[in-house]
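S.K.: give me the fold of what follows.
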Amino acid sequence: MWTVGSLISFLGLLQILPYYVSAQGTLPCVNPLGANGICINIKQCQPLLQILQAQRPETIDFLRASVCGFEGNDPRVCCPNNDNDTDNKEVKNTSYGPLQPPNCGTSHGEHDRIVGGIPATLGSWPWITALGYRNKKNQDIPRFLCGGTLISTRHVVTAGHCVYQRNNLFMARLGELDLNSTTDGADPIDILIENKILHPQYNPTSYTNDIAIIRLAEDIPFSRNIHPICLPVIEPLINSNFENIFPFIAGWGSVYFNGPTSSRLLELQIPVVKQDICKDSFKSFTNAVIDNRIICAGFARGGKDACQGDSGGPLMTPYNKSYYLIGVVSYGYRCAEPGYPGVYTKVSSFLDFIIENLI
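M.R.: Next up is the predicted model:
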């Protein structure tokens with residue numbers, strides 16, 4: 001149950017809130033994940049109370065953002081509906097996040113407008129993950145065929161098609177810059193994969209619900225070059241269509257269709273394409289589903305896009321100086337083909353799936 005030490009620690013966090021609200025009754029509220037709840041004493045909210053007692057550093061911002069008032073000296077929190085008697089499984093679901101700035105989204109690169117694919121600098125995208133598949137010719141040397149994005153000390157988001165029927169996916173590399181160099185200044189770490197969680201409604205024909213969570217075999221220590229990205233759990237990102245913005249992509253994918261992959265991490269900035277234009281582009285593809293679960297992005301003239309090896313990698317945008325994961329590279333027609341934008345799984349449409357699997 002509640003301990004004095006835990007309560008004092010939690011109240012210490014509240015001192016840096018911009019304002020306090022005194023609330024009475026069980027008022028409706030919306031928690032940091034966008035879920036409806038009621039504002040009650042934290043002692044009555046078992047999910048958040050147990051998260052507090054676990055005292056994991058990465059949940060501090062989530063707890064702070066959940067405060068909706070006070071009851072005497074006790075904080076009131078936005079407790080998810082129907083979760084007052086939640087079991088341990090539900091509590092574990094939020095024990096790894098979602099993280100909030102400054103515990104996520106910090107880039108050490110300069111990202112002025114990038115008009116073409118250029119080599120990334122060390123620390124620019126510290127959440128970028130290279131996914132390694134067993135090499136039939138040499139079991140000791142992985143083939144890096146997909147990308148991913150670190151979102152906690154233990155979890156990576158990638159595309160569903162990167163894990164679907166891929167039993168040879170066995171490891172992840174973090175903190176890398178040049179896959180073929182040991183003199184690039186990077187000090188990457190290789191971590192075995194403990195579990196691969198494919199979205200239960202993933203469709204390998206239409207690529208709908210093309211998202212998966214990878215649980216690493218151990219917690220990852222964060223550093224300047226290994227740091228998670230933020231999930232879009234805040235307004236205005238959680239409900240945005242992201243039109244009229246220029247997000248970033250990065251990866252080690254092919255530099256052209258069916259071409260060789262790049263050993264050096266490349267970065268690119270591309271425009272989001274309006275959904276009606278994207279639908280028109282793919283109207284001749286009977287299996288393509290263009291709806292609110294995806295984001296389309298790319299130049300109408302083609303020439304710059306994510307390619308095969310970038311599958312599962314991030315579509316990222318800055319907000320208040322922190323970077324957020326808004327999309328996951330899913331599919332496209334060939335690579336940077338004029339008139340065909342790239343299709344990205346829209347992360348904000350799958351937050352429930354992601355958060356439920358942060359265990």
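
S.K.: next helix or strand past the worst-scoring helix or strand of the chain on mean pLDDT?
M.R.: Scoring the helices and strands of the chain by mean pLDDT, DSSP states H and E places helix 88-92 at the bottom, with a mean of 31. Downstream of helix 88-92, the next assigned helix or strand under DSSP states H and E is strand 118-119.

S.K.: gap between that next one and the chain center?
M.R.: Here the centre of strand 118-119 is set off from its chain's centre by 22 Å, with C-alpha atoms, centre = their mean, to the nearest Å.

S.K.: other residues contacting that strand?
M.R.: 264-268 (C-beta atoms under 8 Å, 6 or more residues apart in numbering). Every C-beta, even on glycine, is put in place using the N, C-alpha and C of the backbone.

S.K.: parallel or antiparallel, which strands does it pair with?
M.R.: Taking DSSP bridges as the criterion, strand 118-119 sits next to strand 266-269 (antiparallel) in its sheet.

S.K.: so how far is the strand it pairs with off the chain centroid?
M.R.: On C-alpha atoms, centre = their mean, the centre of strand 266-269 falls 18 Å from the chain's centre.

S.K.: just the CA trace of it, in CSV.
M.R.: Taking Å, rounded to 0.1, in the frame of the first residue of the first chain, the C-alpha atoms of strand 266-269 are listed here in CSV:
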residue,chain,number,x,y,z
LEU,A,266,20.7,8.9,-44.0
GLU,A,267,18.1,11.5,-43.2
LEU,A,268,15.5,13.2,-45.3
GLN,A,269,12.7,15.7,-44.9
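
S.K.: name the residues of that strand that are buried.
M.R.: Buried residues in strand 266-269, defined by neighbour count with 16 or more other C-beta atoms under 10 Å: 266-269.

S.K.: same check on stretch 277-296?
M.R.: 278, 281-282, 288-290, 293-296.

S.K.: coming back round to it: I'd like the contacts of strand 118-119 as CSV, with pLDDT and distance to residue 215 appended.
M.R.: Below are the contacts of strand 118-119 laid out as CSV (pLDDT from 0 to 100; distance: C-beta to C-beta, whole Å):
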residue, pLDDT, distance to residue 215
264, 87, 28
265, 91, 24
266, 88, 28
267, 89, 27
268, 87, 29
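
S.K.: any weak-confidence spans in this protein?
M.R.: Where the chain drops to pLDDT under 70, the residues are 1-26, 33-35, 50, 53-59, 82-95, 112-117, 254-261, 300-309, 334-339.

S.K.: care to break it down by domain?
M.R.: Domains of the chain are assigned by the TED database as 27-80, 95-358.

S.K.: just confirm residue 132 is within a strand.
M.R.: Yes: secondary structure of residue 132 (DSSP: H, G, I helix; E, B strand; the rest coil): part of a strand.

S.K.: what sits against residue 187?
M.R.: By C-beta under 8 Å, 6+ apart, the contact set of residue 187 is 175, 225.

S.K.: now intersect the buried residues of stretch 277-296 with the strands, please.
M.R.: Judged by DSSP state E, the buried residues of stretch 277-296 include 294-296 as members of strands.

S.K.: not counting sequence-adjacent ones, nearest residue to residue 174?
M.R.: Distances taken as C-beta to C-beta, 6 or more residues apart in numbering put residue 226 closest to residue 174, at 4.9 Å, once the chain neighbours are dropped.

S.K.: number of residues surrounding the one you found?
M.R.: A count of nearby residues for residue 226, using other C-beta atoms under 10 Å, gives 22.
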